[in-house]
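Chemist: return atomic coordinates for the entry below.
(one chain, ligands or ions: 3)
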Amino acid sequence: MLAVVEKKQVEGSTAAADDDHALTDGFNLVIEALKLNDLTTIYGVPGIPITDFGRMAQAAGLRVLSFRHEQNAGYAASIAGYLTKKPGVCLTVSAPGFLNGLTALAHATTNCFPMILISGSSEREIVDLQQGDYEEMDQLAIAKPLCKAAFRVLHAQDIGIGLARAIRAAVSGRPGGVYLDLPAKLFGQVMDAEAGAKSLVKVVDAAPAHIPSPESVKRALDALKTAKKPLIILGKGAAYAQADDAIRELVEKSGVPFLPMSMAKGLLPDAHPQCAGAARSTVLKDSDVVMLIGARLNWLLSHGKGKSWGDHPKTFIQIDIEPKEMDSNVGIAAPVVGDIGSSVAALIEGMGSNWPKAPAEWTSAVAKKREENVAKMAPRLMNNNSPMDYHGALGVLKTIIAERPDAILVNEGANTLDLARGVIDMHQPRKRIDVGTWGVMGIGMGYAIAAAVETGKPVLCVEGDSAFGFSGMEVETICRYGLPVCVVIFNNDGIYRGTDVNTAGDDPATTVFVRGARYDRMMEAFGGVGVNATNPDELKRAVNAAMDSGKPTLINAVIDPAAGSESGRIGNLNPQSALKKK
Ligand code: OXT
Ligand code: ADP
Ligand code: MG
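Modeler: Ligands and ions are numbered 1, 2, ... in the order given. Predicted coordinates for the structure are as follows:
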């Protein structure tokens with residue numbers, strides 16, 4: 001039902017409606033268009049020209065979560081899109097607010113998450129003549145290269161179609177970020193309420209199935225059948241697709257070892273006998289036929305070539321909805337272009353009932369390597385050192401996640417990220433969310449808030465002290481909304497380590513922070529629970545208490561400042577000057 005604007009409220013408008021006609025306006029039309037398409041949660045920061053919009057949306061029953069910075073609201077919207085397969089909506093003010101949100105929009109596009117950034121903007125006439133409007137900026141032009149699609153709505157009667165285009169662009173094909181520009185004047189435009197209601201569009205089948213061609217399915221199965229050392233790599237596209245049962249059936253029917261990329265951990269449990277996560281180097285190096293499901297051959301997979309891949313060419317099968325992804329880094333022998341649900345279903349059907357299992361010699365070699373690595377790591381996870389090292393602290397968190405498999409784990413940092421990824425097994429799909437394709441710091445609190453809001457599950461954030469700093473102010477947001485989020489900060493006094501020394505002057509070294517900082521007190525400032533944990537036992541008690549109570553909690557986990565290594569496990573990507581003074 002469209003809210004009706006009283007004629008007296010819209011004085012000065014050019015709307016021609018006689019006294020008997022109910023009117024509506026841009027504010028109401030945007031709200032109704034969102035509701036019609038079941039987009040009922042908005043992440044944003046209020047201000048001119050969208051302050052009233054936020055109030056009205058809240059009054060109309062939408063959930064409007066106000067953040068302290070648009071980047072965090074944007075990251076929240078992006079991961080909401082990933083978790084729900086509906087575009088996450090972020091709302092910002094013009095120029096600076098828009099720019100703050102833009103990083104997250106680009107992030108959503110890079111990670112293939114559906115998201116819509118809606119920003120209020122200045123008046124076109126003034127922007128185009130560069131006459132210095134309040135927060136003047138040609139936002140549409142700036143957004144375009146950073147997102148999948150960008151639209152501007154100038155007339156109230158086009159709001160419905162504008163939002164429909166944005167939704168469809170965000171979720172169809174390869175998902176991504178979409179920018180929707182709403183000039184200030186649009187919100188106040190009035191039109192006949194009945195015509196307004198008719199102008200709204202409910203998007204039908206926003207992400208249509210994309211059925212792969214039968215030839216491509218046959219080609220893929222032929223390639224898989226010849227394999228002596230097959231491998232399946234599951235990426236976050238596979239987790240996003242929510243084709244969990246079909247993927248499990250394909251993996252188990254084929255008997256092929258699978259390697260989950262970071263956010264695909266838990267799609268099948270890490271403890272599954274075919275999981276090769278703990279034998280990563282071996283399977284990449286030694287495999288002969290590799291099936292990629294929703295994973296790109298980008299830097300995270302060493303571009304599909306070189307030493308990590310054993311310096312010998314592989315036969316790649318790739319399932320992806322984006323045709324242009326094929327042959328991006330190496331030739332793909334068997335491209336399967338389609339949505340993952342339909343493609344995996346077609347592969348299973350094509351396998352029939354007598355499909356041979358992957359050769360036992362290979363699967364047992366992989367299992368042996370995995371068991372060796374797991375056994376090697378196990379004793380390190382049981383130490384009770386104080387200050388803690390990463391393994392002692394993570395050993396505790398691994399057990400807690402095993403006992404609470406439906407909790408969502410948010411993870412960022414360098415050592416804190418890389419070691420947590422290896423140590424903490426995931427047990428269910430889409431429970432691990434992290435820095436993604438860009439390895440970006442700052443997703444932490446935004447992801448945590450959206451994960452709690454969208455799933456209603458408890459959230460455990462494992463954060464490097466540097467990583468946390470990028471979004472730390474949102475602990476107030478967590479407290480304000482009373483969300484069940486437990487933030488554990490691995491506080492080693494710095495970026496990678498807290499031990500660097502500047503030998504050239506009095507300033508601290510570039511990678512170190514204030515020694516012995518007490519991040520737990522930040523949470524206390526807003527009424528949440530703060531704990532300083534100096535050993536794994538204390539950490540365990542504090543996290544369990546937080547997860548049981550659901551109270552916003554921040555635990556300052558004191559980690560040995562010397563425990564980390566430069567850039568975590570990707571130090572090889574960090575150029576070092578040969579001329580550096582010792
Ligand atoms: O097979 P092998 O033998 O090789 O062994 C592997 C697995 O088989 C084995 N494994 C296991 N063993 C036993 N048991 C189990 N369960 C098990 N599971 C696995 O373990 C090894 C390793 O496995 P893994 O991890 O799977 O394999 P590998 O080789 O590491 O994988 C390669 C990659 C590339 C896929 C993987 O490393 C990966 O996903 N990496 C992502 C890295 C990443 O994205 N890093 C973040 C960026 S770093 C840097 O840029 C930072 N910045 C700069 C910055 C950024 N990023 N953003 C912005 C906006 N501004 C600036 C900053 C500021 S990090 C950073 C802050 C850092 O400081 P913090 O204080 O936050 O953090 P600390 O470092 O803690 O201080
Ligand atoms: P990871 O970082 O986990 O390796 P990537 O983000 O690199 O994963 O790859 C995800 C891939 O999944 C992208 O190429 C994207 O086009 C693809 N994808 C996303 N959703 C689907 C889907 N429903 N069906 C098919 N492919 C998808
Ligand atoms: Mg650190």
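Chemist: what residues does the stretch 151-300 of the chain put near ligand 1?
Modeler: Neighbours of ligand 1 within the stretch 151-300 of the chain, by CB under 6 Å from any ligand atom: 262, 277-282, 300. Where you see a C-beta, it was placed from the backbone N, CA and C, and this is true even at glycine.
Chemist: tell me which of these is nearest to residue 338?
Modeler: When those are compared for distance to residue 338 (CB to CB), residue 300 wins out at 22.8 Å.
Chemist: isn't residue 442 up against residue 472?
Modeler: No - under the criterion of CB atoms under 8 Å, residue 442 makes no contact with residue 472, lying 9.8 Å away.
Chemist: gap between the residue of the stretch 101-250 of the chain found nearest ligand 1 and residue 79?
Modeler: Taking CB to the nearest ligand atom, ligand 1 has its nearest neighbour within the stretch 101-250 of the chain at residue 103, 8.1 Å off. The span separating residue 103 from residue 79 equals 14 Å under the rule CB to CB, to the nearest Å.
Chemist: and for residue 42?
Modeler: According to CB to CB, residue 42 stands 15 Å off from residue 79.
Chemist: so for the two, which sits in the more crowded spot?
Modeler: residue 79 (32 against 26; other CB atoms under 10 Å).
Chemist: now the more buried one: which helix or strand?
Modeler: Applying DSSP states H and E as the criterion places residue 79 in helix 70-84.
Chemist: buried residues, the helix or strand following that helix. List them.
Modeler: With elements assigned by DSSP H and E, the helix or strand that comes after helix 70-84 is strand 88-92. Buried residues in strand 88-92, counted by 16 or more other CB atoms under 10 Å: 88-92.
Chemist: tally of neighbours for the residue of the stretch 101-250 of the chain closest to ligand 1?
Modeler: 17.
Chemist: if we can go back for a sec, nearest to residue 453, of the buried residues of strand 88-92?
Modeler: Using CB to CB, those come closest to residue 453 at residue 88, 10.3 Å.
Chemist: so what pairs up with the closest one in the strands?
Modeler: Assessed by DSSP bridges, residue 88 has beta-bridge partners residue 115.
Chemist: for the residue of the chain found nearest ligand 1, give me phi and psi.
Modeler: Residue nearest to ligand 1 within the chain (CB to the nearest ligand atom): residue 464, separated by 2.0 Å. In terms of degrees, to the nearest 10, the main-chain angles of residue 464 are phi -70, psi 160.
Chemist: how close does it get to residue 281?
Modeler: According to CB to CB, residue 464 stands 24 Å off from residue 281.
Chemist: go on, residue 562?
Modeler: Distance from residue 562 to residue 281, by CB to CB: 26 Å.
Chemist: same thing with residue 297?
Modeler: 17 Å.
Chemist: tell me which of the two has more neighbours.
Modeler: Legend: neighbour count by other CB under 10 Å for residue 297 and residue 281, higher for residue 297 (24 against 12).
Chemist: check contacts around that one.
Modeler: 303-304, 316, 318, 328-330 (CB atoms under 8 Å, 6 or more residues apart in numbering).
Chemist: three-state assignment of it?
Modeler: At residue 297 the chain is in coil, as set by DSSP: H, G, I helix; E, B strand; the rest coil.
Chemist: the residue of the stretch 101-250 of the chain closest to ligand 1 against residue 78, yeah?
Modeler: No - using CB under 8 Å, residue 103 makes no contact with residue 78, being 10.1 Å away.
Chemist: how far off centre is stretch 266-276?
Modeler: Chain-centre distance of stretch 266-276: 21 Å, with CA atoms, centre = their mean, to the nearest Å.
Chemist: give me the buried positions along that stretch.
Modeler: Within stretch 266-276, the residues that count as buried by 16+ other CB under 10 Å are 266-270, 272, 274-276.
Chemist: how about stretch 228-239?
Modeler: For stretch 228-239, by 16+ other CB under 10 Å, it's 229-239.
Chemist: now it: average pLDDT?
Modeler: The predicted model assigns stretch 228-239 a mean pLDDT of 99.
Chemist: what does the chain have sitting close to ligand 3?
Modeler: 464-465, 492 (CB under 5 Å from the ion).
Chemist: top of those by neighbour count?
Modeler: Using other CB under 10 Å as the neighbour criterion, residue 492 leads the residues of the chain next to ligand 3 with 30 neighbours.
Chemist: hmm, that one is touching residue 563, no?
Modeler: Yes - judged on CB under 8 Å, residue 492 makes contact with residue 563 at a distance of 5.8 Å.
Chemist: so what's in contact with these two at the same time?
Modeler: Both residue 492 and residue 563 are contacted by residue 415, under the criterion CB under 8 Å, 6+ apart.
Chemist: list the residues that contact the most centrally placed residue in the chain.
Modeler: Geometric centre of the chain, nearest residue: residue 79, 4.1 Å, by CA atoms, centre = their mean. Residue 79 sits next to 88, 113, 433, 443, 446-447, 450-451 when contact means CB under 8 Å, 6+ apart.
Chemist: so what's the residue count around residue 566?
Modeler: Neighbour count of residue 566, defined by other CB under 10 Å: 15.
Chemist: Three-state assignment for residue 195, please.
Modeler: Look at residue 195: counting by three-state DSSP, its state is helix.
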